[in-house]
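Undergrad: Could you look at this predicted model? Sequence included:
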Amino acid sequence: MKKYFLTVATIVLFAVGFAASDEEGSSSNESSATQTEQKQEMQSDQNQESEKELKEREKQEKVKKVAEIAYKKGYEMRMSTRELINAESSAHMEYTIRYGKEPEEEQSKERWNVFLENYKKGFSDAADKIMEKINSEDF
């Protein structure tokens with residue numbers, strides 16, 4: 001009887017040990033699932049941030065391109081004529097021709113402001129260069 005009792009007791013101990021380890025394994029599976037979800041959320045947040053950064057970079061590049069074009073057009077316009085012309089009306093005409101839109105439209109307000117500012121700067125720089133040239137010709 002002692003043999004059977006010890007055998008049954010050993011089997012019961014192993015069964016309890018296996019059951020306990022299964023519970024720990026399932027709880028660790030649950031915690032690893034939670035960790036996986038947290039990692040996925042973090043990756044999703046990082047992807048959203050990187051998308052925002054990418055869009056912001058693209059926007060800055062577009063603004064820079066518009067600024068360069070506007071400066072060049074303003075500079076060329078002033079250098080090509082000796083007449084007194086208004087920089088803003090000239091910029092308005094150039095903008096409308098280039099983009100096929102009126103600058104007052106809601107979607108193009110920001111682009112118009114960048115265009116106008118840089119067009120005037122190019123226009124002014126060209127006028128300064130003309131004045132330098134005129135002044136250097138004086139004796």
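TA: Cool, the structure landed.
Undergrad: Going by C-alpha atoms from here, please, whenever you check contacts or count neighbours.
TA: Will do.
Undergrad: how close does residue 120 sit to residue 87?
TA: Going from residue 120 to residue 87 by C-alpha to C-alpha, to the nearest Å gives 6 Å.
Undergrad: between the two, what contacts are shared?
TA: Both residue 120 and residue 87 are contacted by residue 74, under the criterion C-alpha atoms under 8 Å, 6 or more residues apart in numbering.
Undergrad: In terms of neighbours, single out the busier of the two.
TA: Counted by other C-alpha atoms under 10 Å, residue 120 and residue 87 do not tie: residue 120 has more neighbours, with 22 against 19.
Undergrad: Show me what the helix or strand harbouring that one packs onto, helices and strands only.
TA: Residue 120 belongs to helix 109-137 when assigned by DSSP states H and E. With contacts taken as 3 or more C-alpha pairs under 8 Å, 6 or more residues apart in numbering; DSSP states H and E, helix 109-137 sits against helix 2-80, helix 87-99.
Undergrad: Mean pLDDT lowest where, among these?
TA: Least confident of those, judged by mean pLDDT, is helix 2-80 with a mean of 76.
Undergrad: Against residue 125, how distant is the residue most central in space within the chain?
TA: For the chain, residue 56 is the residue whose C-alpha lies nearest the centre (C-alpha atoms, centre = their mean; 2.1 Å). Here residue 56 is placed at a distance of 30 Å from residue 125 (C-alpha to C-alpha).
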